[in-house]
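>>> build me a structure from this.
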Amino acid sequence: MGELRKELKELLHAQFSLRMQLSTQQTNKTHEIRKVRRDIARVRTVMQQAKIKVVN
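Numbers count the residues shown, from 1 in each chain. Coordinates of the predicted model:
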């Protein structure tokens, strides 16, 4: 779980950074924002599944 939390934190930071770059027009890599958002969802899904397994 610790490494998943670390990965989630890094992805959230990357998402924030990409949003700021996009808003200040420093980048036009909108596909990267989608990729990071989906990676965040994947990590959160795995974390939720692990949490459910612990409860059961």
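>>> tell me the mean pLDDT for the strand or helix carrying K53?
Using DSSP states H and E, K53 sits within helix 30-55. Mean per-residue pLDDT for helix 30-55: 94.
>>> and it, how far from the chain's centre?
Distance of helix 30-55 from its chain centroid, counting by C-alpha atoms, centre = their mean, to the nearest Å, is 7 Å.
>>> which neighbouring elements make contact with it?
In terms of contacts (3 or more C-beta pairs under 8 Å, 6 or more residues apart in numbering; DSSP states H and E), helix 30-55 is packed against helix 2-23. Where C-beta positions appear, they are placed from N, C-alpha and C, glycine not excepted.
>>> now do the buried residues in the helix holding K53.
By neighbour count on 16 or more other C-beta atoms under 10 Å, the buried set for helix 30-55 is E32, I33, V36, D39, I40, V43.
>>> repeat for stretch 18-29
So, applying 16+ other C-beta under 10 Å, buried residues of stretch 18-29: L18.
>>> and that stretch, C-alpha only, in PDB?
Taking C-alpha atoms only, stretch 18-29 is exported to PDB below (Å, rounded to 0.1, in the frame of the first residue of the first chain):
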ATOM      1  CA  LEU A  18       0.300  19.600 -16.400                       C
ATOM      2  CA  ARG A  19      -2.800  21.600 -15.600                       C
ATOM      3  CA  MET A  20      -0.700  24.600 -14.700                       C
ATOM      4  CA  GLN A  21       1.400  24.300 -17.800                       C
ATOM      5  CA  LEU A  22      -1.800  24.000 -19.900                       C
ATOM      6  CA  SER A  23      -3.400  27.100 -18.200                       C
ATOM      7  CA  THR A  24      -0.300  29.200 -18.800                       C
ATOM      8  CA  GLN A  25       0.000  27.900 -22.400                       C
ATOM      9  CA  GLN A  26       3.400  26.400 -21.800                       C
ATOM     10  CA  THR A  27       2.300  23.000 -23.300                       C
ATOM     11  CA  ASN A  28      -0.200  21.600 -25.700                       C
ATOM     12  CA  LYS A  29       0.100  18.000 -24.600                       C
END
